[in-house]
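Student: Sequence and predicted structure, then a few things I'm wondering about:
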Amino acid sequence: MISDGRWYKLIPRDPEANLRYRKEVLERCQSDPEFKSGILAICERDCTFWINTFVWQFNPQLLGDELGPFVTWDFQDEAILEIISAIEDRSDLRIQKSREMGATWVCLLIMIWYCLFHKWKKFLLISRDEDAVDKPDDLDSLFGKIVHIMSYLPSWMSAGFRKKKMGATFGLTNGSITGEAATGKAGVGGRCTAAFFDEFSQNPKAEESFARTADLTKCRIFNFTHVGVDTMAYKICFDEQYSDMREIVMHWTSHPHKKKGAYRFNEAMNDVEFLDKLYVWSPDYVWVLDGKPVGGPFPGIRSPWYDAECKRRPARAVAMDLDIDPRGATKQFYDAVIIANLKNKYTRPPDWVGELKYDSQTATPLELMPSDQGKLRLWLHPKSSTEVPFSKNTAGADLSWGTGATPSCLSMM
């Protein structure tokens with residue numbers, strides 16, 4: 001089912017050229033049954049071809065162009081192939097993303113594509129509440145998007161589609177997509193081809209839902225922006241137990257419009273480093289040289305789009321919605337840039353990184369387990385998996401009156 005890339009790469013991506021191409025394909029399908037059969041055969045093999053030839057999107061932020069052809073970006077093409085591969089290989093997948101990268105649309109399109117062109121496929125959608133899953137006439141809901149996508153397909157392609165409350169069926173293939181609000185019981189007891197967990201970091205029952213849907217399907221797709229470090233979404237990204245889970249990272253630096261003029265402050269050069277060599281800068285542009293962002297997969301990288309967005313959002317929202325930085329998404333008292341600079345200047349890498357395994361009932365330590373993703377860092381070498389060198393340590397701090405007075409640190413010797 002996975003495309004070998006021979007077809008979708010031939011489709012024009014320029015919006016006007018794409019519209020002309022779509023018009024020609026539709027007109028010829030109407031007059032030439034053999035040509036239409038060939039197009040359907042290609043659609044069956046190549047999801048990205050189907051999207052770029054037939055799917056229409058809606059974006060209310062594009063004033064004057066709210067409705068238009070869905071033309072995928074390169075990073076979305078890569079994500080489509082990876083998601084289909086996860087479904088075919090029967091493996092779980094996490095999608096960490098910045099906002100407005102089209103991840104939800106892409107996941108829904110793949111499920112619709114399966115149900116249109118492949119028999120007996122069944123999908124489950126789970127989101128934070130019932131309105132997020134299915135709210136009548138609301139394109140922000142998951143089924144609102146599905147109905148919109150289906151309503152702009154040619155009738156000979158959408159035949160057999162039927163919408164019902166919290167679900168849809170595809171009569172010609174016996175396919176179905178159902179939806180549930182995020183509860184601990186969502187999906188329990190059923191079976192499906194794949195399950196899509198939208199806004200997983202905001203799922204109020206995420207840990208229970210994660211545990212109890214293991215038998216629902218071998219392919220669960222978790223889509224989210226981070227909201228902190230105390231979520232199940234954070235755990236599946238950074239706990240060693242889930243280090244083998246497949247992953248897609250959809251960061252704003254992959255978006256061709258948002259990354260225009262990409263730059264960063266190079267501390268060694270004490271100057272701006274221009275990553276986008278072709279961008280024409282305004283002579284009065286003021287570059288941000290504070291070293292932010294300090295977290296996420298691409299620390300330090302900025303662009304004019306990013307600079308403008310930082311002026312519109314508080315720092316925590318920038319970390320959550322743009323940087324893919326769960327630690328920065330957590331409220332903190334100390335400035336993240338100051339901490340990063342102090343670490344770079346005064347610290348050395350730890351001698352050992354891992355986790356401490358312990359008895360949850362008695363708090364008795366059991367074993368030191370090495371792990372590159374571990375949260376425990378030691379500036380010494382353990383004598384064994386159960387023992388560290390003996391030492392006497394003390395710690396002290398001038399706390400004064402706490403928050404609101406002079407920031408303090410904990411000194412250890």
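Tutor: Right, received. Where do you want to start? Numbering: from 1, shown residues only.
Student: Neighbours of Pro370, how many?
Tutor: 13 (other C-beta atoms under 10 Å). Backbone N, C-alpha and C define where each C-beta goes, glycine included.
Student: does it really touch Val353, like I thought?
Tutor: Yes - Pro370 is within contact range of Val353, at 7.0 Å (criterion: C-beta atoms under 8 Å).
Student: Now do Arg246 against Cys237, distance only.
Tutor: Arg246 sits at a distance of 12 Å from Cys237 (criterion: C-beta to C-beta, to the nearest Å).
Student: neighbour-wise, which of those two wins?
Tutor: Cys237 (23 against 16).
Student: hang on, the more buried one in a strand?
Tutor: No - using DSSP: H, G, I helix; E, B strand; the rest coil, the assignment for Cys237 is helix, not a strand.
Student: okay, and for the stretch 251-400 of the chain, where does confidence drop off?
Tutor: 329-337, 399-400 (pLDDT under 70).
Student: ranges for the strands of it?
Tutor: Secondary structure of the stretch 251-400 of the chain (DSSP state E, counting those that start in this stretch): strands located at 263-266, 271-274, 352-358, 365-370, 376-378, 395-396.
Student: okay, those, which one's buried deepest?
Tutor: strand 263-266 (a mean of 18; mean count of other C-beta atoms under 10 Å).
Student: what does that strand contact?
Tutor: 271-276, 287-291, 300-303 (C-beta atoms under 8 Å, 6 or more residues apart in numbering).
Student: Quick one: distance of it to the chain centre.
Tutor: 25 Å (C-alpha atoms, centre = their mean, to the nearest Å).
Student: And the average pLDDT for stretch 118-126 is what?
Tutor: Mean pLDDT, computed over stretch 118-126, is 96.
Student: which outside residues touch that stretch?
Tutor: Counting by C-beta under 8 Å, 6+ apart, 1, 44, 108, 111, 114-115, 133, 142-143, 173-182, 186-187, 190-198, 203, 209, 216-217 sit against stretch 118-126.
Student: Now distance to Pro389 too, for the strands of the stretch 251-400 of the chain, in TSV please.
Tutor: As requested, the strands of the stretch 251-400 of the chain are arranged in TSV below (distance: least, C-beta to C-beta, whole Å):
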stretch	distance to Pro389
strand 263-266	40
strand 271-274	43
strand 352-358	11
strand 365-370	12
strand 376-378	10
strand 395-396	18
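Student: Indicate which one of the ones you listed is closest to Leu322.
Tutor: strand 263-266 (14.7 Å; C-beta to C-beta).
Student: Could you export the closest one as PDB, CA atoms only?
Tutor: Provided in PDB are the C-alpha atoms of strand 263-266 (Å, rounded to 0.1, in the frame of the first residue of the first chain):
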ATOM      1  CA  TYR A 263      19.200  32.700  11.900                       C
ATOM      2  CA  ARG A 264      20.800  32.200  15.300                       C
ATOM      3  CA  PHE A 265      23.100  34.000  17.600                       C
ATOM      4  CA  ASN A 266      26.600  32.300  17.500                       C
END
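Student: show me the residues around Pro69 that make contact.
Tutor: The contact partners of Pro69, by C-beta under 8 Å, 6+ apart, come to 15, 18-19, 22, 52, 55-57.
Student: gap between it and Phe58?
Tutor: 11 Å.
Student: what's the answer for Lys375, then?
Tutor: Counting by C-beta to C-beta - Lys375 and Phe58 are separated by 42 Å.
Student: So for those two, which sits in the more crowded spot?
Tutor: Phe58 (16 against 13).
Student: nearest residue to Leu26 other than its sequence neighbours?
Tutor: Excluding its sequence neighbours, the residue lying closest to Leu26 (C-beta to C-beta, 6 or more residues apart in numbering) is Pro154, at 6.5 Å.
Student: Ignore what I typed, I meant Phe143.
Tutor: Asp134 (4.1 Å).
Student: And the closest residue to Asp198 other than its chain neighbours, its phi and psi?
Tutor: Nearest residue to Asp198, sequence neighbours excluded (C-beta to C-beta, 6+ apart): Ser127, at 4.4 Å. Main-chain torsions, Ser127, degrees, to the nearest 10: phi -140, psi -180.
Student: wouldn't Ser127 be in contact with Ala195 here?
Tutor: No - counting by C-beta under 8 Å, Ser127 does not reach Ala195; the two are 11.5 Å apart.
Student: Where does pLDDT dip in the stretch 101-250 of the chain?
Tutor: Using pLDDT under 70, the stretch 101-250 of the chain drops low at 184-189.
Student: Strands along that one, start to end?
Tutor: According to DSSP E, counting those that start in this stretch, the strands that the stretch 101-250 of the chain contains are 122-127, 161-164, 167-170, 175-181, 194-197, 220-224, 246-250.
Student: Please identify which of those is closest to Pro326.
Tutor: strand 220-224 (10.0 Å).
Student: name the helices or strands packed onto that closest one?
Tutor: strand 93-97, helix 103-117, strand 194-197, helix 232-238 (3 or more C-beta pairs under 8 Å, 6 or more residues apart in numbering; DSSP states H and E).
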